[in-house]
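*Asks:* sequence and predicted structure below; questions after.
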There are 2 protein chains.
Amino acid sequence: MKYTILTTEGRAKLAHMETVHGTIETPVFMNVGTVAAIKGAVDTTDLNAIGTQVELCNTYHLHVRPGDELIHDLGGLHAFMNWKKPILTDSGGFQVFSLAGIRKIREEGVTFRSHIDGRPIFMGPEESMRIQSNLASTIAMAFDECPPALAGRDYILPSVERTTRWLRRCKAEMDRLNTLDETINKEQLLFGINQGGILDDVRIEHAKEIAAMDLDGYAVGGLAVGESHEEMYHILDVTVPHLPKNKPTYLMGVGTPENILECVSRGIDFFDCVYPSRNGRHGHAYTHRGRLNLMNQCYERDLRPLEEGCGCPACRRYSRAYIHHLFKAKEMLGMRLLVLHNLYFYNHLMQEIRDALDKGCYTDYKYNMLESLKSGEEPGTKADGGGIR
Amino acid sequence: MKYTILTTEGRAKLAHMETVHGTIETPVFMNVGTVAAIKGAVDTTDLNAIGTQVELCNTYHLHVRPGDELIHDLGGLHAFMNWKKPILTDSGGFQVFSLAGIRKIREEGVTFRSHIDGRPIFMGPEESMRIQSNLASTIAMAFDECPPALAGRDYILPSVERTTRWLRRCKAEMDRLNTLDETINKEQLLFGINQGGILDDVRIEHAKEIAAMDLDGYAVGGLAVGESHEEMYHILDVTVPHLPKNKPTYLMGVGTPENILECVSRGIDFFDCVYPSRNGRHGHAYTHRGRLNLMNQCYERDLRPLEEGCGCPACRRYSRAYIHHLFKAKEMLGMRLLVLHNLYFYNHLMQEIRDALDKGCYTDYKYNMLESLKSGEEPGTKADGGGIR
């Protein structure tokens, strides 16, 4: 792995990260393909067409179905879903703590029940690394606990300490796995995850501690889980300076276009979020002037594309009127077209961000884009930066 | 419209039909896009990629939503769904008699309730023609009654007589509409529909009567609605010889690959059926050796494409194992891939049929293909020519 900063503007970084599956240009948005498929009938051929650099897949989901050992036997995730570019897998931790039923956290790891069939599963740092090694993703995430959004110090502090101990075990296990003959991707990278809720001092101490471990990259986790946007930005303001600048930084599960613009300024390289695909499936289209709700009757006879000038597969061929009709008629095609448009919008937004950084005008670009996103398009159409999460 | 027979083999015809929207090579399978979209998240770009010549849309569905007047105002169906090749619209009759709730048939037409919102709708021959003229399809179908499958002579005879009177009114109204300034497609074609249940003499008399009307084409309707395959083939054996040979012949709503092979031999040019898309959405894939049920556990580790050598977008990139996983995980992408494959299979089957006719070896091709479809692939995998209708 080689991470090269091309230019900076304040804390914002324009960088290249070279991996065994190709170079990632950052800042980058990762497209979420939970079970090795983007929801909304979008395949990896489509992802190439809409400018996707990285697909994110979920370790927990793939472990319970179809099973990481099966994917290993079939040649890993890249072969399974026919995707040659980088893949990042999460650690399973977030789902263990949010999706699974009754769970028991111990030093060794977590025992919980599958949300599919209720069978008991144990996952700890070593298990998470082995699963991700079987999946053979480009970047594996460390197994951590993502504590409840506004948990108190009494909960957060021992949780973060355990997360640090788990991180050391993750690193040791990853180093071991990468030496094994049967390992598909022997250059699998490991990103550590900073935790600490919204407690500045815990975040900072934890950042310093994991920074010393010389990992391939660093994520900020446990944000966008209930705190305000301002609290999130504040945590990044105080935490990111204590993570290595010469390593990629990943803000997990974030966010709206506005969030991304703000967080690039705070030194973030990697983003992921289900908003573009989930909102697309619910009939919402992202544009430079805010979001459109295609269920709205006002689009019934609107022959314009979702956004003038957009190069996505939906805008190049279909009108708002047609897509409105597809949603009213509950045709799957409507979902597919909006998911394609929204993922294109997010990938293209990142390209605009990189272009602005390259030209040294990111601050201006960000100001103008934030204004534009608020502006709305038609009278009576309220722009809405938020999402159905 | 110009219909040119290139060659024949027994009653089978290889022909070209020239329309304002391009030439149709027959025998042809029309891909069913009920509400101006193929179910399974397949758009008109995809249709071009899988060899589709004609898209069929449903008049009744489009009349109730989004409304044919709206589609007219937006430039017609071709502009609405961005499809430049021929479109055939049915008359709405089949849905009026099968989908709608309480209905009342009179000489003028049929009063029934919308299946969407229950509002009362009246449709007769003139209304059906006006709706189809608004849709501006290439080929319009005459408004007929499709009687219950095995109705008795007492029901069938007056129904068929009324269908004949309705056909005259359809023709008069279509001729008038094609002269109006506001008509989008002034060269819209009209196909009449032969009815008569499984009563040979009624079918034959009706065929003779409508043959004399010099329409652009002739359909055989009211089949594949409950009678046996043998009864259907018999009706074609006795009826088709009384329809004009120098006009295209369309067997409505049929059918399996086996049905198509048998009915080409009986002089049919046009086919349509929901099997390939509906069965695809239910996890079934057509192959030259019968159907596969991708839900079956035996495909869990099967790295082969759905069918070796198939050029469809699914087979060129994805394994049975991946598609099996998508169906188990209820990912929309699985449906899309199988619908693409199945429509490609049907379109390609028609190409094979045309090639065999061109080479003068259709009889041999048909025999071999029927044997192959029965053969099945793996031990224990039962080939199944039928469909989930």
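*Replies:* That came in fine, so what should we check first? Residues are numbered from 1 along each chain as shown, chains lettered A, B, ... in the order given.
*Asks:* residues from the stretch 251-389 of chain A in reach of chain B?
*Replies:* Within the stretch 251-389 of chain A, the residues that sit near chain B (C-beta under 8 Å from any C-beta of the partner chain) are A:300-301, A:303, A:313, A:317-319, A:321-322, A:325-326, A:328-329, A:331-337. C-beta coordinates here come from the backbone N, C-alpha and C atoms, glycine included.
*Asks:* same deal with the stretch 51-200 of chain A?
*Replies:* A:61, A:65-66, A:70, A:73-74, A:80-82.
*Asks:* which of those has the largest number of neighbours?
*Replies:* With neighbours defined as other C-beta atoms under 10 Å in any protein chain shown, the most crowded of these is A:M81; it has 26 neighbours.
*Asks:* just give the number of residues close to the closest residue to chain B within the stretch 151-300 of chain A.
*Replies:* Going by C-beta to the nearest C-beta, chain B is nearest to A:E300 of the stretch 151-300 of chain A, at 6.9 Å. Number of residues near A:E300 (other C-beta under 10 Å) recorded here: 15.
*Asks:* just the residues of the stretch 51-200 of chain A next to chain B now: which is nearest B:G360?
*Replies:* Nearest to B:G360 among those is A:N82, at 41.0 Å by C-beta to C-beta.
*Asks:* distance check, the closest one against B:V42.
*Replies:* Note on A:N82: its distance to B:V42, by C-beta to C-beta, to the nearest Å, is 19 Å.
*Asks:* hang on, the earlier thing: drop anything exposed from the residues of the stretch 251-389 of chain A next to chain B.
*Replies:* By neighbour count, with 16 or more other C-beta atoms under 10 Å in any protein chain shown, those hold A:313, A:318-319, A:321-322, A:325-326, A:328-329, A:331-337 as buried.
*Asks:* can you tell me which of those residues are in helices?
*Replies:* Mapping those onto helices (DSSP state H) picks out A:321-322, A:325-326, A:328, A:332-337.
*Asks:* quick one on the thing from earlier: just the residues of the stretch 51-200 of chain A next to chain B: which are in strands?
*Replies:* Of those, none are assigned to strands by DSSP state E.
*Asks:* report the closest residue of the stretch 101-250 of chain A relative to chain B.
*Replies:* A:I116 (9.4 Å).
*Asks:* now do the buried residues in the host helix or strand of A:N347.
*Replies:* Using DSSP states H and E, A:N347 falls within helix A:332-359. Of all the residues in helix A:332-359, those buried under the rule 16+ other C-beta under 10 Å are A:332-351, A:353-354, A:356-357.
*Asks:* next: stretch A:105-117.
*Replies:* Buried residues in stretch A:105-117 (16+ other C-beta under 10 Å): A:109-112, A:114.
*Asks:* touching that stretch from outside, list them.
*Replies:* Applying C-beta atoms under 8 Å, 6 or more residues apart in numbering or on different chains, the contact partners of stretch A:105-117 are A:64-65, A:96-97, A:99-104, A:119-127, A:143, A:145, A:162, A:165-166.
*Asks:* which ones among these lie within helices?
*Replies:* A:64, A:96-97, A:125-127, A:162, A:165-166.
*Asks:* report the buried members of those residues.
*Replies:* A:64, A:96-97, A:125-127, A:162, A:166.
*Asks:* which of the residues you listed lies closest to B:D201?
*Replies:* The closest of these, once distances to B:D201 are taken by C-beta to C-beta, is A:V64, at 63.3 Å.
*Asks:* tell me who's in contact with that closest one.
*Replies:* Contacts of A:V64 by C-beta under 8 Å, 6+ apart are A:114-117, A:121.
*Asks:* where are the low-confidence patches of the stretch 51-200 of chain A?
*Replies:* A:100-102 (pLDDT under 70).
*Asks:* what's the local residue count around the residue found closest to A:C273 once you drop the neighbours it is linked to in the chain?
*Replies:* Nearest non-adjacent residue to A:C273, counting by C-beta to C-beta, 6 or more residues apart in numbering or on different chains: A:G255, 5.5 Å away. Around A:G255 there are 24 other residues, counting by other C-beta under 10 Å.
*Asks:* contact partners for A:G255?
*Replies:* A:224, A:263, A:271, A:273, A:275, A:387.
*Asks:* quick one, which of these has the minimum pLDDT?
*Replies:* Within the set of the contacts of A:G255, pLDDT is lowest for A:G387 (36).
*Asks:* the residue nearest the centre of chain A: what's it in contact with?
*Replies:* By C-alpha atoms, centre = their mean, chain A has its centre lying nearest to A:D272, at 1.7 Å. A:D272 is in contact with A:29-32, A:56, A:88, A:250, A:252-254, counting by C-beta under 8 Å, 6+ apart.
*Asks:* near the residue lying closest to it once chain neighbours are set aside, how many other residues are there?
*Replies:* For A:D272, ignoring the flanking residues on the chain, the nearest one in space by C-beta to C-beta, 6+ apart is A:M30 at 4.1 Å. Applying other C-beta under 10 Å, we find 25 residues neighbouring A:M30.
*Asks:* over to A:M30: give its phi and psi.
*Replies:* A:M30 has phi and psi values of phi -100, psi 130 when expressed as degrees, to the nearest 10.
*Asks:* which residues touch it?
*Replies:* The neighbours of A:M30, taking C-beta under 8 Å, 6+ apart as the test, are A:53-56, A:88, A:270-272.
*Asks:* redo that, cut-off 6 Å
*Replies:* A:54, A:56, A:88, A:272 (C-beta atoms under 6 Å, 6 or more residues apart in numbering or on different chains).
*Asks:* the third one against A:N58, yeah?
*Replies:* No - with contacts counted by C-beta atoms under 6 Å, A:L88 stays clear of A:N58, the gap being 10.3 Å.
*Asks:* quick one, which of the two is more surrounded?
*Replies:* A:L88 (26 against 21).
*Asks:* list the buried residues in the helix or strand harbouring A:D201.
*Replies:* In the assignment (DSSP H and E), A:D201 maps to helix A:200-211. Residues of helix A:200-211 classed as buried by neighbour count (16+ other C-beta under 10 Å): A:202-207, A:209-211.
*Asks:* what does stretch A:152-163 give?
*Replies:* Buried-residue list, stretch A:152-163, by 16+ other C-beta under 10 Å: A:156-157, A:159-160, A:162-163.
*Asks:* per-residue pLDDT, the residue in chain A sticking out farthest from the centre?
*Replies:* Within chain A, the residue lying farthest from the chain centre (C-alpha atoms, centre = their mean) is A:R301, at 35.7 Å. Note for A:R301: predicted pLDDT of 98.
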